[in-house]
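A.B. asks: Mind looking at a prediction? Sequence and model below.
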Amino acid sequence: MTNEQYIEAIEKRHSRRAYKPKHLSQEIKDVIKQMVDVVNESADLDFLFIDDATPFFKIFSGKFSMIVIAGPDSQKAREDCGYYGEGIVLQCVYH
């Protein structure tokens with residue numbers, strides 16, 4: 001993403017507790033998977049994209065996806081998870 005695209009995504013981003021009943025297209029899923037792979041390679045983290053996360057959260061209705069953000073138990077890994085996790089959030093908002 002360009003700096004302009006990041007700024008556009010930052011301006012659009014807001015926290016949401018009610019989710020839209022809209023499924024992700026395969027194209028968007030592929031973009032998210034690529035982002036997760038890049039983070040795992042470059043930052044030595046263990047992010048994971050789960051296409052159907054409904055079995056893990058019975059309180060939500062409908063099918064939804066999620067990204068598990070994980071890494072070693074260290075301060076650097078926590079900081080990296082936050083940094084790279086927010087980068088993925090902004091890319092998701094943009095797409």
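C.D. replies: Arrived safely. Numbering: from 1, shown residues only.
A.B. asks: How about Ile32: what's its closest non-neighbour residue?
C.D. replies: Phe49 (5.4 Å; C-beta to C-beta, 6 or more residues apart in numbering). (Glycine included, C-beta is placed from N, CA and C.)
A.B. asks: Contacts only, for that neighbour.
C.D. replies: By C-beta atoms under 8 Å, 6 or more residues apart in numbering, Phe49 lies in contact with 29, 32-33, 36, 65-68.
A.B. asks: nearest to Glu86, of these?
C.D. replies: Relative to Glu86, the closest of the contacts of Phe49 is Ile67; by C-beta to C-beta it sits at 11.5 Å.
A.B. asks: Can you give me the neighbour number for Gln5?
C.D. replies: 13 (other C-beta atoms under 10 Å).
A.B. asks: these two touch, right, it and Gly87?
C.D. replies: No. Taking contacts as C-beta atoms under 8 Å, Gln5 lies outside contact range of Gly87: 11.8 Å.
A.B. asks: Give me the buried stretch members for the longest helix along the chain, please.
C.D. replies: The single longest helix within the chain, with elements called by DSSP state H, is helix 75-94. Within helix 75-94, the residues that count as buried by 16 or more other C-beta atoms under 10 Å are 77, 80-81, 84, 87-88, 90-92.
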